[in-house]
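J.: here are the coordinates; sequence isn't available:
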């Protein structure tokens, strides 16, 4: 069954919920889920509302036009999605393939509602996994010299394939700001530390050397500043002096998989709003 | 600043949110927080909505009358609370006093918004703690024989003191169904296991003997069936073969304190709805 | 590099550690890891000690004979393993294949040191996964009627293949006591609840209906009594009223994978001792 | 019953455990607990061994002399403790008193085996708590100007009172390196963040602004570099956009209490070894 999902953020004031829910009620919309949040520091209102399109009084394609007067009245930033429009996702990966496998298997068993038409890797041996899952594979290694050029090919490919979300599944190459600008809040990265601790390379080595008693993983939207974009999800696991660096890496892999896949699922289900370099996640 | 809090549950159908928020909007109510939930199995709608009474168009004492037509139309069960009416709470306790101390200190530092006029204990040595905190103390030991009689005194005392919530802070005596019937969903107990595992006496001994790798604590409303009322909160901590029975008890105490105090706080902030022997907690 | 691993349990008394470590020292053994534990209730001593065989003064095949006088003196139960003898493991599975995949991928990336020569399933469609990983596949559906007979075939197959560990990866058929008796403490099951809560069928349905705020998974050795064997590992995840039954199942899958794979890894690394229907895990 | 506890660290080589356990065995020592660890990066051996002094062949005061040849042979750093020598502890505190209360109550109920003769605070109102628990109270406010001078008084007081461990229970004033040098690995601080994230002032404000999904607390030994000493324990709790800064602070308090008290307990039970600015905790 098809539903519409509306994500809204705007300055908080009286009457927002009444106006939005009246709009749905008067058009015979049945609300299937609604969440709201008020950020009391910035006086900002956030809402996610989902309603059934069965019997809804406005044809799908006319909803934006019908809703826009309300949006204007309240100075809303808003996006409208439809469940039946399945998002298309590309996975970028490198040598460590556990997150890649994890996403593909979750997709296969129906946990993630998306299409994954292609995999990009800078390691040719990943081709084998793409073949196991019958996906197109692009071997796009980049050097410092040809980076801009190769990224242009990647961007063209992603647009041609109508990719909505790029997932960096332990992808080891840093994207340029040009690339990032093409996909604002539409690139999700997994960083293998509890950010903001241990930014950058070799976070497990950093954690081991520091002697922390808990390690973590963080999924976030990619912005220009390295490992500093809006955090979507984090999780942790306990370690001790008994754990070697290899143990940290092994334990961390399980974290990375769940933390990345939760972020991807929430994005696909339109449960994330971004503001002030932070996220509201209506999980 | 005073606010009103409305807790609603009713059969789910179109227009509920629109009607409620219109009611507030047309009376100049500024929503400070709203949460809703639809139980898709039973098609039940739940809502908690809080709004400022500053400038609200209906005098506080007339709100129930003004709202009742909407409540009737949608067949609502509903309760209205006001922030300024501070709930009165009584603590029942026995030999283990860590939860008692914890609640008193949280109250003292402002984490729990309530008045605690009295403590009931079946151990006279608890009097000392009551004196430290300058609270009235009732030494109400019960035997199998005088239980009904003593409970009558307790009930009379609680009513006289206008007690709204009874907290069983590691209280070791089982209440009769007559007592429980006087305070439906208004008695919170802490059970020192991860329910429904290890019901009844000596749960840590049971857990130790079973060799579980994680222990827990559970706060719940008290119903006639022992340790089987609606669960409000649970938390757990990891144990291993290294932990003796004494270690389990020590680790468990920290759980009991946080799990009980969260439940009490949510109750005091009107964040809990009960249905089907389960809870909706709008935390 | 090859090492020997000795697992010991015996009544606690003076001199055990001195005797064992002297035995190694006088034969030029370099200890690579040692853990011990005293159960103070039953006065039982447990030890796991691992030493390098490089330069060790006793040939590998003669170690048992050389060590047995010490074992007799202290009335030890003991087992000796060698790292280079890679254990052989069979996976039994049914319709839910996430744990199967998880084990195969962990094996492939070197997290689990074992050989997996075969998969047994009561669902023929699992053959496809076996083929992806180039493993032998046995489609052994059982009815109430032919159970004993089919199990005999299974036992014969497992012995022929020198299988040391049987892993029930969400296998839905209950093994007979005859089968279990063939593999004492060598069958690991994953149960999708926080045992001892929710034994038997449909644990997520039970958990959902009970309204628990945390769900769990438990790996344990299989004994005659259903879901009651020695617990090896447990883990949990938080749920709320927002989670549907489907959400519980989805969240639970991630638990099942990590909880089962940890148990399998510890077994393969000879880190588990069983006593009194409980486990000592030297992780 | 009295026991001896020996903490050892030394370069790893053959025969250490054999030598130590023989020493105990030949002097009729009954081992009550033993843990060891080998750091494979630095090839360092760590051991904690505890034995009963009942019937032990060497008088308590002669043990160091008897053991020192072994210590010299293996180039050990070692410390010997006796259970019956109860450590003396001083608490330094400021305006936030939840950790102070927590330590006092744990001491009172026997979770922490120590004497707490005195409290130092830079806030005179804490005197009331000291009086509740009948402890000496020192109101030692420091300005930038008189810091060295006041610290001299503090050091003199701590020495006079034979204080072994100083606990900074949300103490807000930074100690000078002179003070710290007097108590190497004998000052424990609680920092209200998941270190190394959010060093320094206002860590909850930093965490809130960064939008992390998990907050933490860290207990560590104090060294010259601020918030960078050897980490003893960490724990975390989940937060979301629903949590205000005040919620973070409230949730954090529960973390701070358990994380600090665990560290203090492990120190008092002689379970911590420090090396390379990290800790080995034999919990």
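T.: Received it, and whenever you're ready, just let me know what you need. Everything numeric in this text was worked out from a predicted model, so none of it was measured.
J.: Report the separation between the nearest residue to residue A:30 once chain neighbours are set aside and residue B:11.
T.: Distances taken as CB to CB, 6 or more residues apart in numbering or on different chains place residue A:52 nearest to residue A:30, at 4.5 Å, with adjacent residues excluded. Where C-beta positions appear, they are placed from N, C-alpha and C, glycine not excepted. Here the distance between residue A:52 and residue B:11 works out to 17 Å (CB to CB, to the nearest Å).
J.: ok, back up a step: ok, the residue nearest to residue A:30 - contacts?
T.: By CB atoms under 8 Å, 6 or more residues apart in numbering or on different chains, the residues touching residue A:52 are A:1, A:2, A:3, A:29, A:30, A:32.
J.: Including pLDDT, secondary structure and neighbour count, could the residues you listed go into CSV?
T.: Listed next are those as CSV, based on pLDDT from 0 to 100; DSSP: H, G, I helix; E, B strand; the rest coil; neighbours: other CB atoms under 10 Å in any protein chain shown:
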residue, pLDDT, secondary structure, neighbour count
A:1, 83, coil, 8
A:2, 95, coil, 12
A:3, 98, strand, 19
A:29, 96, coil, 26
A:30, 94, strand, 18
A:32, 95, strand, 17
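J.: Name the pair among these with the greatest separation in space.
T.: A:1 and A:29 (13.3 Å; CB to CB).
J.: that older thread, check the residue nearest to residue A:30 and give its pLDDT.
T.: Note for residue A:52: predicted pLDDT of 96.
J.: And residue A:132, by the same measure?
T.: Looking at residue A:132, its pLDDT is 88.
J.: Tell me who's in contact with it.
T.: Here residue A:132 is in contact with residue C:132 (CB under 8 Å, 6+ apart).
J.: Could you pull up phi and psi at it?
T.: phi -50, psi -40 (degrees, to the nearest 10).
J.: again with residue A:214
T.: Here is the backbone geometry of residue A:214 (degrees, to the nearest 10): phi -140, psi 140.
J.: again, but for the one 4 residues further on
T.: The main-chain torsion angles of residue A:218 are listed as degrees, to the nearest 10 and equal phi -140, psi 130.
J.: For beta bridges, what are the partners of it?
T.: Residue A:218 has these beta-bridge partners by DSSP bridges: residue A:191, residue A:234.
J.: wait, doesn't it sit right on residue A:198?
T.: No - with contact defined as CB atoms under 8 Å, residue A:218 does not reach residue A:198; the gap is 9.7 Å.
J.: beta partners for residue A:36?
T.: residue A:47.
J.: what's the burial count for it?
T.: By other CB atoms under 10 Å in any protein chain shown, the residues close to residue A:36 number 21.
J.: Looking at it now. What's its pLDDT?
T.: Turning to residue A:36, the model gives it a pLDDT of 97.
J.: buried stuff in the helix or strand encompassing residue A:38?
T.: Taking DSSP states H and E as the definition, one finds residue A:38 inside strand A:30-39. When neighbours are counted by 16 or more other CB atoms under 10 Å in any protein chain shown, the buried residues of strand A:30-39 are found to be A:30, A:31, A:32, A:33, A:34, A:35, A:36, A:37, A:38, A:39.
J.: what sits against the residue nearest to residue A:176 when sequence neighbours are not counted?
T.: Closest residue in space to residue A:176, ignoring its immediate chain neighbours: residue A:151 at 6.0 Å, by CB to CB, 6+ apart. Neighbour list for residue A:151: A:142, A:175, A:176, A:178, A:179 [criterion: CB under 8 Å, 6+ apart].
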